[in-house]
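Enquirer: below are the sequence and a predicted model; questions follow.
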2 protein chains.
Amino acid sequence: MARRGEAQVRLTRGRVLEAACALADEDGLASLTMRSLAASLGVEAMSLYHHVAGKQAVLDGLVDLVMAEIERAVAEADGPEPERDWKTAMRVRVLTAREVMLRHPWAPGLIESRGEASFSIVRYLDGVVGLMVRGGFSYGLAHRALHALESRALGFSQEMFRPGGDDDGGSLEAVADQVPNLAAMVAAAVHDQPDTRLGWCDDQAEFEFALDLILDGLDRLRGRE
Amino acid sequence: MARRGEAQVRLTRGRVLEAACALADEDGLASLTMRSLAASLGVEAMSLYHHVAGKQAVLDGLVDLVMAEIERAVAEADGPEPERDWKTAMRVRVLTAREVMLRHPWAPGLIESRGEASFSIVRYLDGVVGLMVRGGFSYGLAHRALHALESRALGFSQEMFRPGGDDDGGSLEAVADQVPNLAAMVAAAVHDQPDTRLGWCDDQAEFEFALDLILDGLDRLRGRE
DNA sequence: TCGGGGATCCTTACTTTGTACGGTAGCTTC
DNA sequence: GAAGCTACCGTACAAAGTAAGGATCCCCGA
């Protein structure tokens, strides 16, 4: 048997989590099993249990990993001071978080599925609230703003249609008579902006539109409550 | 063995799905296994496979069941004609959907987790688009509105904090020094509205606030694009 | 130098869950 | 009344998480 010592480095909680992240990035979160994770580290499944408490702990660790990456990116990004322009500061922060989320497409689903928000998320939201308060929000409005932003504060939005792989709305045509309004909408969208990036609508553009809609709405309320 | 014929009614796809819904309502979606579902019907697990294709099909059926309940509720609710007052019409529609979702707390998570939107959801969204178009929206703006509303169009919002059972923010106090802004926000929220319904903040009020924020924003854009 | 102890990793096996496969009972149809 | 179809059952297998204990290696003190 291949004992440790050859090219084999020691296992660490950190190495386990990084391997898990790499595995999820490549093959999706579904293919992340304790066995596959162990195999990717050249180790047996049960060996992982000396470094993480269980699969739950691995998933929690993954969330922490992503949130740490976001915190790092946010720290490097240079938006304006919130006191001067909270809206742009928030916009930069959210879009920075979004870039990280786009690198880890499994992260939104993982965060959603987890019931309790992990501490790393709570800490991130604390930063968001801090930004708004520095920008002139009352705590009450900041609270409502968090609810209004929902997962957008974390840089992702809940896609109700995840475009179905290869057809991208083509399946809608098959049932156009049953969903006439949607069919017309899709037709119009394709006509208006024929070169969208991600199927029949551009997620990034839509994300920013919705984000700005909410930020503008909040800005109108700020100061006059 | 208890052959069918005693008090035992015949199994149907419909009865299977209703039993699944009841089980999920009572004990949560996690406790819905093919075996527990079969047991609740007085039947063995493999018998279900003559009426549903598999567990996936059961889950899809549950989504359809909830969406049908929403369609029924929406049909009965009487909002204004969209041509006269689209905003109120939409508000009534969404809040009606929300009532159904509150009866089936597992439904949001189930809908989120499913990658592809099932046809019943697509059809519901078609109705939403139809409402907006009748209210004077271009298809382009209706499209963006769908993105902005996100899951709110279906009556739920993604709770990033699901209040953790018994403490309800009490756990925040333990780490108040690490999340000072959130801690202050919670303190202010408790002070402002001491009688909230669902923990430290009132989901219904927040949901309506965010919904109105978005609807107002959309209303401003409607007609002047 | 050497032996003990703890950390690390492996082996085996159990549990839960979904489901494939084939068997059996009862109804339907000719 | 026989054939066959349908609904249901029993058995069993695979995947995945993980409990329990054994084996190996490294470090440290004597």
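Expert: Ah, there it is.
Enquirer: outline the domain layout of chain A.
Expert: A:1-52, A:63-158+A:169-225 (automatic domain parsing).
Enquirer: can you pull out the helices in chain A?
Expert: A:13-27, A:34-40, A:55-76, A:82-103, A:107-113, A:119-134, A:139-149, A:170-174, A:180-192, A:203-221 (DSSP state H).
Enquirer: least confident of these, on average?
Expert: Mean pLDDT is lowest for helix A:170-174 out of these, coming in at a mean of 66.
Enquirer: and the closest residue to A:F209 other than its chain neighbours, what does it touch?
Expert: In space, A:F209 comes closest to B:R144 once its chain neighbours are excluded; the distance is 5.1 Å by Cβ to Cβ, 6 or more residues apart in numbering or on different chains. C-beta here means a position set from N, CA and C on the backbone, and glycine is covered the same way. The contact partners of B:R144, by Cβ atoms under 8 Å, 6 or more residues apart in numbering or on different chains, come to A:206, A:209-210.
Enquirer: just A:H104 next, same as before
Expert: A:21, A:24-25, A:66, A:69.
Enquirer: just the buried ones from the residues you listed?
Expert: Buried residues within the contacts of A:H104, counting neighbours by 16 or more other Cβ atoms under 10 Å in any protein chain shown: A:21, A:24, A:66, A:69.
Enquirer: so what's the third one up against?
Expert: Right, A:V66. Here A:V66 is in contact with A:21, A:100-101, A:104, A:107 (Cβ under 8 Å, 6+ apart).
Enquirer: for those residues, which one is nearest B:A77?
Expert: Closest approach to B:A77 among the contacts of A:V66 (Cβ to Cβ): A:M101, at 36.2 Å.
Enquirer: where's that closest one relative to DNA strand D, distance?
Expert: 23 Å (Cβ to the nearest atom of the strand, to the nearest Å).
Enquirer: right, and the helices of chain A - which one's nearest B:I121?
Expert: helix A:180-192 (10.9 Å).
Enquirer: how close does the residue nearest to A:F209 sit to B:A153?
Expert: 12 Å (Cβ to Cβ, to the nearest Å).
Enquirer: check A:A73 too.
Expert: 30 Å.
Enquirer: more neighbours: which of those two?
Expert: B:A153 (24 against 17; other Cβ atoms under 10 Å in any protein chain shown).
Enquirer: next to DNA strand D, which bits of chain A? Give me the list.
Expert: Where chain A comes near DNA strand D, counting by Cβ under 7 Å from any atom of the strand, the residues are A:3-5, A:31-36, A:45-46, A:49, A:54-56.
Enquirer: mind picking the two most distant members of these?
Expert: Largest separation among the residues of chain A next to DNA strand D by Cβ to Cβ: A:G5 and A:Q56, giving 31.3 Å.
Enquirer: what's stretch A:20-39 in contact with?
Expert: Under Cβ under 8 Å, 6+ apart, the answer for stretch A:20-39 is A:16, A:19, A:40, A:44-48, A:55, A:58, A:61-62, A:65-66, A:103-104, A:106, A:109-110.
Enquirer: can you point out the buried residues in that stretch?
Expert: Buried residues in stretch A:20-39 (16+ other Cβ under 10 Å): A:20-21, A:23-24, A:29, A:32, A:34, A:37-38.
Enquirer: how far does it sit from the chain's center?
Expert: 18 Å (Cα atoms, centre = their mean, to the nearest Å).
Enquirer: gap between the two ends of it?
Expert: Start-to-end span of stretch A:20-39 (Cα to Cα, to the nearest Å) is 11 Å.
Enquirer: can you check stretch A:149-156 too?
Expert: Span of stretch A:149-156 from end to end, Cα to Cα: 10 Å.
Enquirer: from A:R152, how far off is the residue lying closest to A:G130 once chain neighbours are set aside?
Expert: Excluding its sequence neighbours, the residue lying closest to A:G130 (Cβ to Cβ, 6+ apart) is B:N181, at 4.0 Å. For B:N181, the distance to A:R152 equals 18 Å [Cβ to Cβ].
Enquirer: contact partners for the nearest residue to A:S120 once chain neighbours are set aside?
Expert: With Cβ to Cβ, 6+ apart as the criterion, A:S120 has its nearest non-adjacent residue at 3.7 Å, and that residue is A:M67. Applying Cβ under 8 Å, 6+ apart to A:M67 gives the contacts A:118, A:120-121, A:123-124.
Enquirer: repeat that for A:V133.
Expert: A:V133 touches A:139, A:142, B:181, B:184, counting by Cβ under 8 Å, 6+ apart.
Enquirer: go ahead and confirm the third one touches A:V129.
Expert: Yes - A contact is recorded between B:N181 and A:V129 when judged using Cβ atoms under 8 Å, the distance being 4.1 Å.
Enquirer: any shared contact partners between those two?
Expert: With Cβ under 8 Å, 6+ apart as the test, B:N181 and A:V129 both reach A:A142.
Enquirer: settle it for me: which of those two has more neighbours?
Expert: A:V129 (25 against 19).
Enquirer: distance of the more buried one from A:R93?
Expert: 12 Å.
Enquirer: show me whatever sits in contact with both of these two.
Expert: Common neighbours of A:V129 and A:R93 (Cβ under 8 Å, 6+ apart) do not exist.
Enquirer: that older thread, now flag whichever of the contacts of A:V133 is closest to B:G135.
Expert: So of those, ranked by how close each gets to B:G135 (Cβ to Cβ), first place is A:A142, at 31.4 Å.
Enquirer: shouldn't A:G217 be in contact with B:G217?
Expert: Yes - at 4.7 Å, A:G217 counts as touching B:G217 under the criterion of Cβ under 8 Å.
Enquirer: got the contact list for the closest residue to A:G61 other than its chain neighbours?
Expert: Distances taken as Cβ to Cβ, 6+ apart put A:L17 closest to A:G61, at 4.4 Å, once the chain neighbours are dropped. When contacts are counted by Cβ under 8 Å, 6+ apart, A:L17 is found next to A:52, A:58, A:61-62, A:65.
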